[in-house]
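Chemist: here's my sequence, what's the structure:
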Amino acid sequence: MRLSKSDIIAGSMGALALALLAYLLYAAMGYRSGPGNAELIGLVKSKRNITERKFSSRVVWDEVEKNTSVYNFDTIRTADRSEAVIRLKDGTEITLNENSMVLLSVSPKKFDIKFIQGAIKTRQSAAQGEAAARTVNIVSGGSTITLNNGDVSLSRDRDNGLNLTVNRGAAAFVSEKGKEIINKDQLIQYRKDGVRLYDLGIRLVSPENDAYVPAEEDTTTVRFAWELPGAGYASFLEIARNPSLVDPIMKKRAAGNGAPARLRDGIYYWRVSAIDRATKKIEASEVRRLTVANVRPARLITPADGSVIKYRDENPMINFAWTMNESVSRYNLLVSGKKDMSAPIVNTYVDGTRIAINSLGKGIYYWKIVNMPEAPPAGKNPESEVRSFTVAVTDKLPPPVPVYPPDNKTIHPLAIENKGLNFTWTKDPSIPETRITIAGDRELKSTVMTTTSGDNSVRIEKGLKEGVYYWSLRGLMSDGSTTGASRAFRFKVAREEAIRLVEPGNGTVLVDDKGDGIPVTFSWIKPDLEGGYQLRISRHRDFTPPVKEIQASDVSVKVPRLSDGSYYWSVRLADEKGAVVLASPVYWLKVLGRLGRPIAVEPKPGGTVNMLTKDALELRWAAVKGANLYRVGLFHVKNGIQHSVATAETAKTSYRFTDLNKLDVGRFILSLQAIDADPASGRAVRTSDETRMVFDISLGVEKKIRIKSPRILYLE
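Modeler: Here you go, the predicted model:
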């Protein structure tokens, strides 16, 4: 079919229009206008790992480095295991913990910080040349925190509630519930059900907030110290990976005013709680943050010290590798021809622990690795030892290196029958061909088969019956010579392989928070054999009926609903005829239903308690099935703010509050929560929703006292 001139013009114009639209879309998505006319308001004082910034006029995020300028209306965020400190021009410092985000804006008299997620700390101090720091407003959801020469810590929990602690000075907290002045050592919690104010009775001593603890081993001992409000308290140290201390990695009972803890490198949050042995009342501290940073230098792996790397035709590809330090994301590789490492030939930064270089010819070389942490320790950055290697020209190259099957690998015979066995290796590029020898003994005398390959692999499909084998390699050169023989790897062809289960782990306990069944994803590792999988779930270990059987073609299955109870599960692999050729071990898991809410018995909901003749406030509630602990909270409502009067935990279904000096007439709220705690560790396995009950306290005086007197008083 022949196109007319108009058809050609129309098609060309359509293609041009599409290309233009595609370009405009790409330009809009990658628009990088920069700060434009935005005011410079500060800089990134320090950072660890990944910190990103988005200009107000842009839609993309860019990673920022130390000393990067910060402009008005910038949004800053941090990633996992990351942190950043932003110093504003007036001296205010904002520390963003991991997975945190803020939007910054400035006006002549105040700074506004929109706290979006994560955890931050704001510290005010006047910069040089300024009389005082500006007023700082931190806006989060429906609340505003106003600072004027004070320090605060904020965090959001997993229910999106806001926690505010004043570390120095005072702060004004304003929400639709009212306004409250928060002083030092006070904590305010802003939730959907109201605003709660707590006095922090425990003072933390050390480590300081945002402390940096250097460590030279895999774990280091950190010593924690605090001051209790008095004698007769049992104290507990809690350490977690998140600022709300959900699922703590450690909760240990401490003797006295301190305790040590062994910690790996990472970011931690910690606090101390204490229970009055007599009244069971709970006191708590602020939450502090600390970083344990491994400052141990890298350990060099390859090239090995004193090793000789040979090549024949072209410069060899030399692989450099070293151990990873979790506290370091960047390293400096230095290679020199001199032992004192002066005048380095290679001086490059590596994001990772491995790099390959082919720029080194014949000669003797020395190399080392320098850690480049984002928050460098005092003094010199940690350096590895110096090692040497030699690059030499040779007529005889080293043999190829076996890779797969690895030494002592077991392979199912059906896997070989179905798809063969793939042997792979690495070799010098100068070796054109490789000979593989498979034998029944390590000395390779009982040869089973020999074949050659011009690639780095070969597939064997026949001739390998059940038994033990060894395989080795030789390089075949163009001139007819050969390299030496490689090390012989052992492998076994046998019906011993089992399917390895992954999740849920054996003995896993899952909690059904919604109470209508919980979805569970079962997964396992793909074996060498091909076939269909059968997931089996039963209430009985021997899989007597009823048994849930689910067919799967992949290595995971999501079961939409498992109700309360214990289950056993396993996976079988069947061939195309339905015969079971492989099976997994049997794993066990348990699903626990949600705990019911405690029901208050005394005081009665909405009632009034006459405290005129009482020496204690009696609180009682109905027992909850499955609970072995109860958390009790008592709050006095004043001007819309719930002031904490007492917090306690008890195994009983009653609590007697005797500190009547803290009670007053007015409205109170009783909060109750049921807990299923592990008896061994004390860790909460399940926690019920909170029950809140309103009641009033009075002194029983119904009428005002009136004094009657005569209208005429006679004075003598």
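
Chemist: so where do the strands sit in the stretch 401-550 of the chain?
Modeler: Per DSSP state E, counting those that start in this stretch, the stretch 401-550 of the chain carries strands over the ranges 401-404, 409-411, 421-426, 433-439, 447-453, 457-460, 467-476, 489-493, 501-503, 508-512, 518-524, 532-538, 547-552.

Chemist: any chance you could list what contacts the fourth one?
Modeler: Read that as strand 433-439. Identification of contacts with strand 433-439 by Cβ atoms under 8 Å, 6 or more residues apart in numbering yields 400, 423, 425, 427, 444-454, 456, 458, 460, 464, 469-476, 482, 488. Quick note: C-beta positions are derived from backbone N, CA and C, even for glycine.

Chemist: sheet partners, orientation included, of that strand?
Modeler: Strands that pair with strand 433-439, judged by DSSP bridges, come out as strand 447-453 (antiparallel), strand 467-476 (antiparallel).

Chemist: which residues are in contact with the last one?
Modeler: If you take Cβ under 8 Å, 6+ apart as the criterion, strand 467-476 is touched by 397, 399-402, 405, 423, 425, 427-428, 431-442, 444, 448, 452, 482-494.

Chemist: filter those residues to the buried ones?
Modeler: Listed as buried from those are 397, 399-400, 402, 405, 423, 425, 427-428, 431, 434-439, 444, 448, 483, 486, 488-489, 491, 493; burial here means 16 or more other Cβ atoms under 10 Å.

Chemist: okay, now the unreliable bits of the stretch 251-400 of the chain?
Modeler: Low-confidence segments of the stretch 251-400 of the chain (pLDDT under 70): 374-379.

Chemist: tell me where it has helices.
Modeler: With DSSP state H, counting those that start in this stretch, there are no helices along the stretch 251-400 of the chain.

Chemist: also the stretch 551-700 of the chain?
Modeler: Counting by DSSP H, counting those that start in this stretch, the stretch 551-700 of the chain contains no helices.

Chemist: now do the strands in it.
Modeler: According to DSSP E, counting those that start in this stretch, the strands that the stretch 551-700 of the chain contains are 556-562, 565-574, 580-583, 587-593, 600-602, 608-610, 617-621, 629-638, 641-650, 654-657, 666-677, 684-687, 691-698.

Chemist: for these, which one sits closest to N67?
Modeler: strand 641-650 (42.1 Å; Cβ to Cβ).

Chemist: quick check: angle from that closest one to strand 617-621?
Modeler: Going by axes from the mean of the first three to the mean of the last three Cα atoms, to 10 degrees, strand 641-650 is angled at 70 degrees with respect to strand 617-621.

Chemist: contacts for strand 641-650, please.
Modeler: Counting by Cβ under 8 Å, 6+ apart, 177-178, 180, 194-199, 275, 279-282, 284, 629-637, 655, 657, 659, 662-663, 668-669, 675 sit against strand 641-650.

Chemist: out of those, which are buried?
Modeler: Buried subset of the contacts of strand 641-650 (neighbour count, 16+ other Cβ under 10 Å): 177, 180, 194-198, 275, 280-282, 284, 629-637, 655, 657, 663, 668-669, 675.

Chemist: now S481. Nearest residue, chain neighbours left out?
Modeler: Using Cβ to Cβ, 6 or more residues apart in numbering and skipping residues adjacent in sequence, the residue nearest S481 is K396, 7.2 Å away.

Chemist: the one you found against T483, yeah?
Modeler: Yes: counting by Cβ atoms under 8 Å, K396 touches T483, with 6.5 Å between them.

Chemist: show me how the chain divides into domains.
Modeler: The chain breaks down by automatic domain parsing into domains covering 40-177, 203-294, 300-393, 401-493, 501-593, 600-698.

Chemist: distance from the fifth one to the middle of the chain?
Modeler: It refers to domain 501-593. A distance of 27 Å separates the C-alpha centroid of domain 501-593 from that of its chain, computed with Cα atoms, centre = their mean, to the nearest Å.

Chemist: now do it, average pLDDT.
Modeler: Throughout domain 501-593, pLDDT has a mean value of 89.

Chemist: show the end-to-end separation of that domain, please.
Modeler: End-to-end distance for domain 501-593: 25 Å, by Cα to Cα, to the nearest Å.

Chemist: can you check the shortest one too?
Modeler: From its first residue to its last, domain 203-294 covers 28 Å (Cα to Cα).

Chemist: list the residues that contact the spatially most central residue of the chain.
Modeler: The residue lying closest to the centre of the chain (Cα atoms, centre = their mean) is D80, at 6.3 Å. The neighbourhood of D80, defined by Cβ under 8 Å, 6+ apart, consists of N49, I50, E98, N99.

Chemist: show me which of those residues are buried.
Modeler: N49, I50, E98.

Chemist: distance of the last one from N371?
Modeler: Counting by Cβ to Cβ, to the nearest Å, the gap between E98 and N371 amounts to 20 Å.

Chemist: same thing with R271?
Modeler: For R271 relative to N371 (Cβ to Cβ), the value is 31 Å.

Chemist: cool, R296 as well?
Modeler: Distance, R296 to N371, by Cβ to Cβ: 9 Å.

Chemist: now swap in N294 and tell me
Modeler: Shown here: N294 relative to N371, a distance of 9 Å by Cβ to Cβ.

Chemist: are there residues contacting both of those two? Which ones?
Modeler: By Cβ under 8 Å, 6+ apart, N294 and N371 have these common neighbours: N325, V328.

Chemist: quick one: secondary structure of the residue nearest to the centre of the chain?
Modeler: coil (DSSP: H, G, I helix; E, B strand; the rest coil).

Chemist: what's the pLDDT at it?
Modeler: Each residue has a pLDDT score; the one for D80 is 82.

Chemist: and G666, by the same measure?
Modeler: Per-residue confidence at G666 stands at 91 (pLDDT).

Chemist: and it, what are its bridge partners?
Modeler: Note on G666: beta-bridge partners I697, judged by DSSP bridges.

Chemist: residues in contact with it?
Modeler: H636, V637, K638, D696, I697.

Chemist: hmm, 10 Å instead?
Modeler: G666 sits next to H636, V637, K638, D696, I697, S698 when contact means Cβ atoms under 10 Å, 6 or more residues apart in numbering.
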